[in-house]
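Colleague: with the sequence up front, the predicted model follows.
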Amino acid sequence: MARAVCPGSYDPVTNGHLDIIERAAKLFDEVVVAVMINKNKQGLFSIAERMQLLTEITDGLPNVRIDSWHGLLVDYCRQHDIAAIAKGLRSVSDFDYELQMAQMNRELSGVETLLMSNNPRYGFVSSSLVKEVATYGGDVKNLVPGVVFERLTAKLAERSS
C-alpha cells in the first residue's frame, strides 16, 4: 500500500491545502493529513479544532485520514510505515526551503518527498495571510472552504469581543 503524509499547521486550512490533499489522494492508497504541533506557537485554532475542520472538509475522500504529531516528521513516517511526504509549492522561496527539508528527511530516514506545484489560483494563499486579512475585515471567503470561513469568522468575532 502506497502511503503519504501531508504535514502542516493548517491554522486555518485553506483551499490551497485542500487542493494538495485532494491531488495526493489520487496518487496514493492512503493519505494522512498530519497537523504538526509546535508548542512555541500560539495558533488561532486549537489542534482539536483544526483536526475537526480537516475531518469535515475531507469527508468525501475515503482514503484520507487526519492525525496530529509533535516532533520530527520522519519519526512519524517511521512509526506509521509511511514512505512519502506530499507538499505543495507556491513559490521559488517555498522550493528552496522544501528542497532542503526533502534532502534532510531523505538523509535521516529514506523518506521521499513529492513536491507538487500549487494550483495558480492559490499561489498567494497562506494561512498567515488569510488570518491577517480576515482580522482586518477583508473577504477571505474564496480562499478557504465554507466551513472554515464560518468558523474563522466566528472565532475572530469571539476574540474581538
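Modeller: Cool, got the structure. Numbering: from 1, shown residues only.
Colleague: so in the protein, where's the weakest helix or strand by average pLDDT?
Modeller: One helix or strand of the chain scores below all others by mean pLDDT, DSSP states H and E: helix 92-109, with a mean of 90.
Colleague: following it, which helix or strand comes up?
Modeller: For helix 92-109, the following helix or strand on the C-terminal side (DSSP states H and E) is strand 112-117.
Colleague: quick one: strands adjacent to that next one?
Modeller: strand 84-89 (parallel) (DSSP bridges).
Colleague: got the angle between the strand it pairs with and helix 92-109?
Modeller: Strand 84-89 runs at 170 degrees relative to helix 92-109, counting by axes from the mean of the first three to the mean of the last three CA atoms, to 10 degrees.
Colleague: so for strand 84-89, mean pLDDT?
Modeller: Averaging pLDDT along strand 84-89 gives 96.
Colleague: give me the residues contacting it.
Modeller: 2-7, 16-17, 19-20, 24, 27-28, 31, 73, 77, 94-95, 98, 102, 105, 111-118 (CB atoms under 8 Å, 6 or more residues apart in numbering). (Each C-beta comes from the backbone N, C-alpha and C, glycine too.)
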